[in-house]
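# model this:
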Amino acid sequence: MATHKADQRREAGQRTKDALVAATLEQLAQRGREGLTLREVTDSAGANVAAVSYHFGSLKGLCDAAIEHALERYLDAQIQSLESLTPASGLEDVARAFAAPMVHALAAGGQELVVMRTVARIGIDPPRGWDRLAGKFEQTRRDTLRALRANLPGVGEPEAVFRTRAAAGLLNWLALAPIGAELAAGPAEEIERLVVPVVAGAFRGLPAAG
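The predicted structure follows:
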């Protein structure tokens, strides 16, 4: 009986933690860190202020946990997508794999899009100190650059890194700008048709003058 009650308490505690993280992601996606308030988060999650202190220590701790959760989901999705590339993959294939998590989120809406909007907002001022995610950041960078080298042999690594960051910035803008809401009204195939050539263009760059 005691074990059963302990399990129930743990499950209830996990539900509260999950609800607080979800509510924080929603607030972050709408307002960013500056607009986040403890009262709105707890009201949205159906929890009390004490639960934030108990599970996360503070509102900042909850905010950091929510952002880390969003980033990890994004990185896992991008890693999985980039792993589908082969040596024969063309530049549009690379762009399709790179953009796939955002395309999926725009098409799915709901919590999926909330996560991507959170990632996009945080991308403007990336968090530091999360060593646990460093390997995943490095893997996405490595996989993207490897695919770009195969398609852009004349482009050096510093420029390829710049183009990759520019493409990521473009996707972040889509998540936050009004045009992203317009795209979200369509099917995934149409969103992909519109987005992939633009991302591929960012990777390709302009031909050198001369």
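
# going by C-alpha atoms from here, please, whenever you check contacts or count neighbours.
Noted.

# packing partners for the lengthiest helix in the chain?
Longest helix of the chain, by residue count under DSSP state H: helix 2-31. Judged by 3 or more CA pairs under 8 Å, 6 or more residues apart in numbering; DSSP states H and E, helix 2-31 is in contact with helix 38-45, helix 49-56, helix 59-82, helix 110-124.

# low-confidence ranges in the protein?
By pLDDT under 70, the weakly predicted segments of the chain are 1-8, 123-130, 207-210.

# I figured Leu25 hits Leu113, correct?
No. Leu25 lies out of contact with Leu113 (CA atoms under 8 Å); the separation is 10.3 Å.

# those two: which is more packed in?
When Leu25 and Leu113 are compared for neighbours, Leu25 comes out ahead with 29 against 23, by other CA atoms under 10 Å.

# residues in contact with the more buried one?
Residues counted as contacts of Leu25 (CA atoms under 8 Å, 6 or more residues apart in numbering) are 66-67, 70, 114-115, 118.

# now do the contacts for His69.
With CA under 8 Å, 6+ apart, His69 has no contacts at all.

# next one: Met102
Met102 makes contacts with 113, 116, 171, 175, as judged by CA under 8 Å, 6+ apart.

# apply 7 Å and report the result again.
Met102 makes contacts with 116, 171, as judged by CA atoms under 7 Å, 6 or more residues apart in numbering.
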